[in-house]
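>>> Okay, structure incoming, though there's no sequence with it:
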Ligand SMILES: CC(C)(COP(=O)(O)OP(=O)(O)OC[C@H]1O[C@@H](n2cnc3c(N)ncnc32)[C@H](O)[C@@H]1OP(=O)(O)O)[C@@H](O)C(=O)NCCC(=O)NCCS
């Protein structure tokens, strides 16, 4: 961990921003490896992707929690140990936690439930490209082939999924999910707990609020208020309010 430096995130610039500690990647040529083993929360499809990335990156995964002991991850080669259901989650002195569930509302509930546990340093697939001065918080997952460009900030527990492109100066809120093959232009700001659906494009400088959903394949040309769902090209609003 020596090559990484802890620093305050630039979150105070935006109202919806978190005040969490962040990791700033110091050397994009070196894979991120932590000495502390990690426990995955979840055993479904997203957990399989996280496990694969962790193994490629040399991050030790101690085990996983899921209500289903026979969850898809259990059929992967070198599957980590099954540790129990979600109700059995507690705190761990010898391991950090990584949320490995795709569903955002379930992830939000677990973040509340888990409280003060120590969350994992980011798990970043070695094929991802991270700019030297991008800032990436604890609990973040960055998938294969993703790009996080210069001065982008990724807040805690966000998912930067397979092949997505986060351009310069983007700000991604806590526990937001940037789905596979999304392209965010420079300076895009996204609030907490927001889903940007598969293959969407967000034009440079657009601001998307908290708990929003952008439908798969959309092109977002204008800013979006909190709790809004938009779809299409150009994106149009189909719902404002709690999901
Ligand atoms: C946006 C989304 C959440 C809407 O789901 P929903 O609330 O169930 O909405 P519905 O399916 O009832 O559709 C409502 C309307 O929006 C349209 N619509 C839904 N998704 C759309 C999309 N992605 N693009 C264009 N139009 C879409 C529907 O055709 C329908 O139009 P109509 O009222 O004219 O008939 C969902 O379609 C979606 O795209 N989810 C993203 C999934 C994703 O990428 N997940 C990441 C996994 S890694």
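Alright, I've got the coordinates. All of these numbers come straight from a predicted model, not from anything done at the bench.
>>> Around the ligand, which positions in the chain sit nearby?
Those residues of the chain that sit near the ligand, judged by Cβ under 6 Å from any ligand atom, are 102, 161, 179-180, 197-198, 213, 215-218, 229, 231-232, 238. Where you see a C-beta, it was placed from the backbone N, CA and C, and this is true even at glycine.
>>> Within the helices and strands, which one has residue 53?
In this assignment (DSSP states H and E), residue 53 forms part of helix 45-57.
>>> Averaged over its residues, which helix or strand of this protein has the lowest pLDDT?
Among the helical and strand segments of the chain, the one scoring lowest on mean pLDDT, DSSP states H and E is strand 5-8, with a mean of 30.
>>> hang on, the earlier thing: ok, and for the helix holding residue 53, which residues are buried?
By neighbour count with 16 or more other Cβ atoms under 10 Å, helix 45-57 contains the buried residues 46, 47, 48, 49, 50, 51, 52, 53, 54, 55, 57.
>>> Kindly report the same for stretch 223-239.
Of the residues in stretch 223-239, those buried under the neighbour-count criterion (16+ other Cβ under 10 Å) are 224, 226, 227, 228, 229, 230, 231, 235.
>>> The third one is in contact with residue 210, isn't it?
This means residue 227. Yes: in this structure residue 227 lies within contact range of residue 210 using Cβ atoms under 8 Å: 7.3 Å.
>>> can you map out the helices along the chain?
Counting by DSSP state H, the segments of the chain that form helices are 45-57, 104-114.
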